[in-house]
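# Generate coordinates for the sequence data below:
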Amino acid sequence: MRLRALVVLLLVANLLYFAWSRGGLAMFGAVPAQLGQSEPERLTQQVRPQLLKILKDEAAPKP
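Now for the predicted structure:
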């Protein structure tokens, strides 16, 4: 009986952890750091982002 209770407890704990890690418990205020963090101040710190130009690497081998 104790083993069965332990297995059920571990199963419930795993389900709660899975729901928390996927953001499923956000409505209760439990949000993991990776989902709750945003850094809007970084956007305001950019200096002339319109001048950024992405160049292709011509030396890269073509498939």
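
# which regions of this protein sit below the pLDDT cut-off?
Along the chain, segments meeting pLDDT under 70 span 32-39, 60, 62-63.

# what ranges do the helices span in it?
Using DSSP state H, the helices of the chain run over 2-21, 33-36, 40-44.

# now for the ones you listed, which one comes closest to Asp57?
helix 40-44 (26.3 Å; CB to CB). From N, CA and C alone the C-beta is placed, and that goes for glycine too.

# May I see the helices of the chain organised as JSON lines, with mean neighbour count and distance to Lys53 added?
Formatted as JSON lines, these follow (neighbours: other CB atoms under 10 Å; distance: least, CB to CB, whole Å):
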{"stretch": "helix 2-21", "mean neighbour count": "10", "distance to Lys53": "38"}
{"stretch": "helix 33-36", "mean neighbour count": "9", "distance to Lys53": "30"}
{"stretch": "helix 40-44", "mean neighbour count": "7", "distance to Lys53": "19"}
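
# could you dump the ones you listed to CSV with distance to Ile54?
Output for those, formatted as CSV (distance: least, CB to CB, whole Å):
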stretch, distance to Ile54
helix 2-21, 33
helix 33-36, 26
helix 40-44, 18
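
# which stretch among these comes nearest Met27?
Nearest of those (CB to CB): helix 2-21, 10.8 Å.
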